[in-house]
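**Student:** below: sequence and its predicted model.
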Amino acid sequence: MVHIDIKELEKAPGANIGSKLQISDETYENLQEIVERYILPCNRSLREVTNHQKFQKCNDLDELKKCLEAEKTDDNSRIPYKFTVLEKYPQYLILAYIPKKDIVKEFIKVKPRGYFFHHQYHYPFQNMINWFKEQFRTKEYQRYLRKTGSPQMAIGGVPQQKPPPSTH
């Protein structure tokens, strides 16, 4: 279950709901429009991920790590990677991979416009994977990676970025 903060705008006295509804920087006319333009596209994107061959259903990050470590042991020259979703991080996909010996975890926000990853939208899912494969060794990518951490839920359910741990 995911909590989405909806701000009511232009609420007339005695009205049950505002005439305009806002999620982040997008404005909607009614709840049906939120379902059609926000919820359904996010669900479609999530289905695309869960049907992908690199998706790993797991209960926690330790289980994902063990799966990747087994792949790395099978062929140390490869960089195994997987995607998963965990209840602990609603609205996020987790990308985990092992370039050398330590696991790296990144968080990808699922939004109506696509997958928000490294401050840009990617869609469809395979385009994001291709971008990741092309970019992850670059200095700019690694610099961004050092600055970000896992999303943490603040009061009111608004995700915040925390300082990254000293090692991945």
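**Tutor:** Noted; the coordinates are in hand. Residues are numbered from 1 along each chain as shown.
**Student:** going forward, measure contacts between C-alpha atoms and count neighbours the same way
**Tutor:** Will do.
**Student:** and the contacts of stretch 115-131?
**Tutor:** Stretch 115-131 is contacted from outside by 45, 48, 49, 107, 108, 109, 110, 113, 114, 144, using Cα atoms under 8 Å, 6 or more residues apart in numbering.
**Student:** drop anything exposed from the residues you listed.
**Tutor:** Of all the contacts of stretch 115-131 considered here, the ones buried according to neighbour count by 16 or more other Cα atoms under 10 Å are 45, 49, 107, 108, 109, 110, 114.
**Student:** ok, the fourth one touching residue 90?
**Tutor:** No - between residue 108 and residue 90 there is no contact under Cα atoms under 8 Å: 10.6 Å.
**Student:** where is the longest helix in the chain?
**Tutor:** Determined from DSSP state H, the single longest helix within the chain is helix 61-74.
**Student:** tell me the helices and strands packed up against that helix.
**Tutor:** Applying 3 or more Cα pairs under 8 Å, 6 or more residues apart in numbering; DSSP states H and E, we find helix 61-74 packed against strand 81-84, strand 92-97.
**Student:** so what strands line up beside the last one?
**Tutor:** Strand pairing for strand 92-97, determined by DSSP bridges: strand 81-84 (antiparallel), strand 104-111 (antiparallel).
**Student:** buried residues in that strand?
**Tutor:** Buried residues in strand 92-97, counted by 16+ other Cα under 10 Å: 92, 93, 94, 95, 96, 97.
**Student:** go on, the first one?
**Tutor:** Neighbour counts using 16+ other Cα under 10 Å place 81, 82, 83, 84 of strand 81-84 among the buried residues.
**Student:** and the next helix or strand past the helix or strand hosting residue 128?
**Tutor:** With secondary structure defined by DSSP states H and E, residue 128 is part of helix 125-135. Beyond helix 125-135 in the direction of the C-terminus, DSSP H and E gives the next helix or strand as helix 139-147.
**Student:** let me have the buried residues of strand 92-97 in JSON lines, adding pLDDT and distance to residue 69 as columns.
**Tutor:** Converted to JSON lines, the buried residues of strand 92-97 look like this (pLDDT from 0 to 100; distance: Cα to Cα, whole Å):
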{"residue": "92", "pLDDT": "94", "distance to residue 69": "23"}
{"residue": "93", "pLDDT": "96", "distance to residue 69": "20"}
{"residue": "94", "pLDDT": "96", "distance to residue 69": "16"}
{"residue": "95", "pLDDT": "97", "distance to residue 69": "14"}
{"residue": "96", "pLDDT": "97", "distance to residue 69": "11"}
{"residue": "97", "pLDDT": "97", "distance to residue 69": "9"}
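**Student:** no more questions from me, cheers.
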